[in-house]
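In: My questions concern the predicted model and sequence given below.
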Amino acid sequence: MKPILFNGEMVRAILEGRKTQTRRVVKPQPECSVFDEPQLHWVCGKNGVWADGHGNQQKAPLGQPGDRLYVRETWALFGPFNNGPGYRYRADGEPLCMSRGWRPSIHMPKEAARIFLEITAVRVERLQDISEEDAKAEGCELVGWTEEMPMPAGFAGLWNSLNGKRGHSWESNPWVWVYEFTPTNNQGEGL
């Protein structure tokens with residue numbers, strides 16, 4: 001079981017049932033020119049290995065359908081108590097009192113996780129190929145979207161806030177892993 005990081009907004013979207021997909025940058029990006037890119041089609045082969053049509057193969061780094069992930073989020077440790085430590089989660093909006101302070105999601109241990117995701121599908125596509133339905137499944141809020149700024153354009157802002165500074169802006173249109181998932185608890189039961 002591998003960890004996956006989400007910020008508070010995306011954790012709330014998962015808990016509210018609005019987020020059932022996530023996109024993660026393919027690393028390294030396949031090398032291709034503008035002229036041969038139309039022939040670049042990713043195909044899933046044996047054991048979840050993806051081939052990009054140029055002899056490059058990659059395995060989906062977070063897993064394949066049926067694999068489970070645990071969500072890392074900003075958290076705080078309370079206690080210890082008689083039955084062990086207690087955890088609080090910043091995404092819940094609870095005030096921080098009687099704790100040792102908020103800790104970054106990257107340092108969250110598996111035993112503190114409250115959200116688990118079962119991967120239901122994996123594919124590779126260009127970021128800008130996202131559909132309106134998929135943008136909604138990414139947890140984008142519906143507020144403010146118009147015909148002039150459809151959902152995928154709104155998703156572009158969310159994407160840039162998370163990935164733009166890392167060199168993978170919406171405008172650069174990177175190849176991304178698309179993971180579809182079902183949120184569960186630690187027993188594998190739906191949330």
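Out: Done, it's in. Residues are numbered from 1 along each chain as shown.

In: next structured bit after the lowest-mean-pLDDT helix or strand in the chain?
Out: For the chain, counting by mean pLDDT, DSSP states H and E, strand 43-44 ranks last in confidence among helices and strands (a mean of 72). Sequence order places strand 49-51 as the next helix or strand after strand 43-44, per DSSP states H and E.

In: so for that following strand, what's the average pLDDT?
Out: Mean pLDDT, strand 49-51: 77.

In: swap in stretch 95-108?
Out: The predicted model assigns stretch 95-108 a mean pLDDT of 81.

In: same question, stretch 176-186
Out: When pLDDT is averaged over stretch 176-186, the result is 91.

In: Would you mark the buried spots in that stretch?
Out: When burial is assessed from 16 or more other Cβ atoms under 10 Å, stretch 176-186 yields the following buried residues: 176-181, 183-184. C-beta: built from backbone N, CA, C; applies to glycine.

In: farthest-separated two in the residues you listed?
Out: By the measure Cβ to Cβ, the buried residues of stretch 176-186 have their two most distant members at 176 and 184, which lie 23.6 Å apart.

In: Mind listing the residues bridging to the residue nearest the centre of the chain?
Out: Geometric centre of the chain, nearest residue: residue 22, 3.5 Å, by Cα atoms, centre = their mean. Each beta-bridge partner of residue 22 is listed here: residue 179, as defined by DSSP bridges.

In: can you give me the helices in this structure?
Out: In the chain, the helices defined using DSSP state H lie at 8-15, 132-137, 151-163.

In: ok, of those helices, where does mean pLDDT dip lowest?
Out: Ranked by mean pLDDT, those end with helix 151-163 in last place, scoring a mean of 81.

In: Output it as PDB, restricted to C-alpha atoms.
Out: Backbone C-alpha positions of helix 151-163 (Å, rounded to 0.1, in the frame of the first residue of the first chain) are rendered in PDB as follows:
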ATOM      1  CA  MET A 151     -15.100  23.200 -16.100                       C
ATOM      2  CA  PRO A 152     -11.800  22.000 -17.700                       C
ATOM      3  CA  ALA A 153     -10.600  25.700 -17.900                       C
ATOM      4  CA  GLY A 154     -11.500  26.000 -14.200                       C
ATOM      5  CA  PHE A 155      -9.500  22.800 -13.500                       C
ATOM      6  CA  ALA A 156      -6.500  24.500 -15.200                       C
ATOM      7  CA  GLY A 157      -6.400  27.000 -12.300                       C
ATOM      8  CA  LEU A 158      -6.400  24.300  -9.700                       C
ATOM      9  CA  TRP A 159      -3.800  22.300 -11.600                       C
ATOM     10  CA  ASN A 160      -1.500  25.400 -11.900                       C
ATOM     11  CA  SER A 161      -1.800  26.100  -8.200                       C
ATOM     12  CA  LEU A 162      -0.500  22.600  -7.400                       C
ATOM     13  CA  ASN A 163       1.900  21.900 -10.300                       C
END
